[in-house]
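Undergrad: Based on what follows, work out the 3D shape:
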Amino acid sequence: MTLTTLPLSDSGQKITFRAHGAGAPLVLIHGVGMQSAAWTPQIDHFADRYHVIALDLPGHGGSDPLAADSQLPDYIDWCKAAIEAVGLGAVNLIGHSMGALIAGGVAAMYPALVLRVALLNGVFRRDEAAKAAVNARAAEIREGKMDLATPLARWFDAEQTCERARVASWLRAVDQGGYATAYTAFAQGDATYADRYGDITCPFLAMTGDGDPNSTPAMARAMTDSVPGGQAITLKGHRHMINLTAAEQVNTHLEAWLDRSPQAKEIR
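TA: Residues are numbered from 1 along each chain as shown. Here you go, the predicted structure:
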């Protein structure tokens, strides 16, 4: 697959992305601390039918960072600019974790850009305890502390050694400033567009693992309860990195989501 670099037209900031395949555009947005390579199982699976574009978030991979005080709306605008810079038109949009927050915000704010939207391990209206915990971690990251053991233990079972090692390598490689900015926006952005989810009319999918304590099945159901025709799926025996640990199941569900008409309204 090809790694491409482009400037954004308004800001001139550099973005990098992996592109593979041909067909209708399928845009993938990874989570905090990761990079576009985290979507390899999905890129490999869908590139025979779709033009797959996996973006590097600002301050991740080769993409330039946003300003240190940036919040979720700045990432929404960045994503819109990235889609426009690549010249894709309306896209099928998938986000994981922080990428799910971005994808949901783009679908709510710029519906003409989004044919379908799928949120993997997304967060939605955290309770007070969860807010306190994630904001405390964001403060530590801004102070330069890199605790890899805690998230890796939370995201993976002991036997998932290959996936754990790949994710650990991405976390070690991430730019500390870009990581801190994105994580702070992630920590503070779970309700930013929550009231706008009811405006999403395209096929909407929220998927998570039943062992994910932070992006919970209850959150996935709450999201889909807000979206007309939304669908929630919980994968048993998996945690936060379902795009890697449950790639075959995830890809199967994404295939069904991609086959839904952009005008379809599912009755639940």
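
Undergrad: What are the contacting residues of stretch 144-153?
TA: Here stretch 144-153 makes contact (CB atoms under 8 Å, 6 or more residues apart in numbering) with 33, 137, 140, 164, 167-168, 171-172, 176. Heads up, the C-betas are built off the backbone N, CA and C, glycines and all.

Undergrad: Restricted to buried residues, select these in ChimeraX.
TA: For the buried members of the contacts of stretch 144-153, the matching ChimeraX selection, counting by 16 or more other CB atoms under 10 Å, is:
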select :33,137,164,167,168,171
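
Undergrad: Quick check: of the contacts of stretch 144-153, which lies closest to Trp39?
TA: Nearest to Trp39 among these: Val167, at 12.6 Å, using CB to CB.

Undergrad: for the host helix or strand of that closest one, the distance to its chain's centre please.
TA: Element membership for Val167 (DSSP states H and E) is helix 161-173. Relative to its chain's centre, helix 161-173 lies at 17 Å (CA atoms, centre = their mean, to the nearest Å).

Undergrad: let's number from 4 now, not from 1
TA: Right, with 4 as the first residue, what we last looked at is helix 164-176.

Undergrad: helix or strand right after that helix?
TA: The C-terminal neighbour of helix 164-176 among helices and strands, as given by DSSP H and E, is helix 179-191.

Undergrad: shaky segments in this protein?
TA: Within the chain, the segments meeting pLDDT under 70 span 4, 266-271.

Undergrad: ok, which stretches of it are strands?
TA: All strands of the chain, identified by DSSP state E, fall at 5-10, 17-23, 27-32, 53-58, 94-99, 117-123, 207-212, 234-238.

Undergrad: Same list (those) but as CSV, adding distance to Glu258 and mean neighbour count.
TA: Supplementary listing: the strands of the chain in CSV, determined by distance: least, CB to CB, whole Å; neighbours: other CB atoms under 10 Å:
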stretch, distance to Glu258, mean neighbour count
strand 5-10, 24, 12
strand 17-23, 17, 20
strand 27-32, 11, 24
strand 53-58, 10, 24
strand 94-99, 11, 27
strand 117-123, 11, 28
strand 207-212, 11, 28
strand 234-238, 13, 20
